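In: Return atomic coordinates for the entry below.
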Amino acid sequence: MGSKQKELVELLENVGEAHHEEFMDVDGEDPEWARWYAEKMHAEFERLMGRSISVDGVADLLAQFSRLHSEEAPDEKWASYYARKLLDFYSD
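Out: Numbering: from 1, shown residues only. All right, here's what the predicted structure looks like:
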């Protein structure tokens, strides 16, 4: 795993923890979770990738990865899977 992927895994895990704390009262239920994650990680993700990235695009990808994770890589930790897929999508 490269340094960029490690940073992105850490970012996703931190945003995940923040989301868990924010939505603790409803046991994590949030139908707009992907948008919430995308907004929270947006600035840092753009910095990491060195380019402009749309919040909507990231939110759509996160929702898609959520559906595909158990199918494509059920034994891989969610943050590692999402980071790998985001880097694949946004890398030049």
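In: where does this protein have low pLDDT?
Out: Along the chain, the parts satisfying pLDDT under 70 run over 26-28, 30, 92.
In: So in it, which helix runs the longest?
Out: helix 3-22 (DSSP state H).
In: orientation of the next helix or strand after it relative to helix 3-22 in degrees?
Out: Next along the chain after helix 3-22, taking DSSP states H and E as the criterion, comes helix 33-49. Computed by axes from the mean of the first three to the mean of the last three C-alpha atoms, to 10 degrees, the angle separating helix 33-49 from helix 3-22 equals 150 degrees.
In: chain center to helix 33-49: distance?
Out: Its chain's average C-alpha position is 7 Å from that of helix 33-49, according to C-alpha atoms, centre = their mean, to the nearest Å.
In: How about stretch 66-86?
Out: The chain centroid and the centroid of stretch 66-86 are separated by 10 Å under C-alpha atoms, centre = their mean.
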